[in-house]
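Colleague: mind folding the following:
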Amino acid sequence: MIKLSDDMRKMVDPAMAKDIQTALGKILSVLPPAARVSAESLALFAPAIALDDGTRLRLQTLREAVQSRNKLRMDYRDVSGAPSQRVVRPLGCFYWGRVWTFSAWCELRQDFRGFRIDRIDRIEVLPERFRDEPGKTLAEMLRRLQADPAELDGRPEAKNLVTIYSALADESVAEVLARFAGQGFGAFKPALAELAVETLQPIGARLAELQRDPAELDRLLAAGAEKARSVAAPTLKAAYAAMGL
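Modeller: Residues are numbered from 1 along each chain as shown. Okay, here's the model as predicted:
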């Protein structure tokens, strides 16, 4: 858990990193001694994909603007490098393992838009604050996605979560959207977390079992290698023949 916390702090902004450290300290302080030892030795690791300093500071600015409900003016570059200046209402930040994005109501496009934080060249917090208006809220954006699966193509932060649920539940995206229609992501995210734990728990248990039995692990690896060789042999033979070897 300590290692995971250290890695997570490299993926977020300075203020969030401080909150992670504080939360971890509070969690560990109330655990019984045995549970604390177990938590500190937990073999759970995440790749440390550190954000550059500029992205971390922009992320903090965006998160604080979401909370304070201040409009933002920003200079942005799209995937082709074309620049534009936008005034937006920030709605939420989303992490994708390698990049952060944020969703907003864009006053230039008069529609919801998603932006990669690492493509923001300049950001300015405006003194003007915004209130929820019909059709311009995060809840409305999520309702759109639930109403029409095609809307997911323009909303990567939602598409990713819905696709994960679809794969874990062995259901189509349309079936997942129908299941949670009208409930919002407040209901969807806990359900996704529960499904992920339920699905991955047996895998984790089996992994722990194999780690305790190196001989069985070696046997399985050898069997897998032999199976791979037998499957690949005809293709490899044909390739050798084609090259005159």
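Colleague: going forward, measure contacts and count neighbours with C-alpha atoms only.
Modeller: Fine.
Colleague: which residue is nearest the centroid of this protein?
Modeller: With distances taken as CA atoms, centre = their mean, W96 lies nearest the centre of the chain, 3.6 Å away.
Colleague: this structure: strands as residue ranges?
Modeller: 70-77, 83-95, 100-106, 111-116, 120-129 (DSSP state E).
Colleague: closest to D52 out of those strands?
Modeller: strand 100-106 (11.6 Å; CA to CA).
Colleague: who does that closest one pair up with?
Modeller: strand 83-95 (antiparallel), strand 111-116 (antiparallel) (DSSP bridges).
Colleague: can I get those in TSV with mean pLDDT, distance to A222 and mean neighbour count?
Modeller: As requested, the strands paired with strand 100-106 are exported to TSV (pLDDT from 0 to 100; distance: least, CA to CA, whole Å; neighbours: other CA atoms under 10 Å):
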stretch	mean pLDDT	distance to A222	mean neighbour count
strand 83-95	90	38	18
strand 111-116	84	44	18
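Colleague: in CSV, list the ones you listed along with distance to R69.
Modeller: Converted to CSV, these look like this (distance: least, CA to CA, whole Å):
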stretch, distance to R69
strand 83-95, 7
strand 111-116, 16
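Colleague: for A225, find the nearest of those.
Modeller: Each of the strands paired with strand 100-106 has some distance to A225 by CA to CA; the shortest is strand 83-95, at 36.1 Å.
Colleague: CA atoms only: put the closest one into CSV for me.
Modeller: C-alpha atoms of strand 83-95 as CSV (Å, rounded to 0.1, in the frame of the first residue of the first chain):
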residue,chain,number,x,y,z
PRO,A,83,-4.3,26.1,-31.8
SER,A,84,-7.6,27.5,-30.4
GLN,A,85,-8.6,29.7,-27.5
ARG,A,86,-11.6,28.4,-25.4
VAL,A,87,-13.7,29.7,-22.5
VAL,A,88,-15.1,26.7,-20.7
ARG,A,89,-17.1,25.6,-17.7
PRO,A,90,-14.9,22.8,-16.1
LEU,A,91,-17.0,19.8,-15.0
GLY,A,92,-14.6,17.0,-14.1
CYS,A,93,-11.1,15.5,-14.5
PHE,A,94,-10.4,11.9,-15.6
TYR,A,95,-7.3,9.7,-15.5
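Colleague: what does it rub up against?
Modeller: By CA atoms under 8 Å, 6 or more residues apart in numbering, the residues outside strand 83-95 that reach it are 59, 62-63, 65-66, 69-77, 100-108, 130, 137-138, 157.
Colleague: to L220, which of the strands of the chain lies closest?
Modeller: Here strand 83-95 is closest among the strands of the chain (CA to CA), at 35.5 Å.
Colleague: what about A65, neighbour count?
Modeller: 20 (other CA atoms under 10 Å).
Colleague: quick check: domain ranges of this protein?
Modeller: What automatic domain parsing lists as the domains of the chain is 2-40, 51-134.
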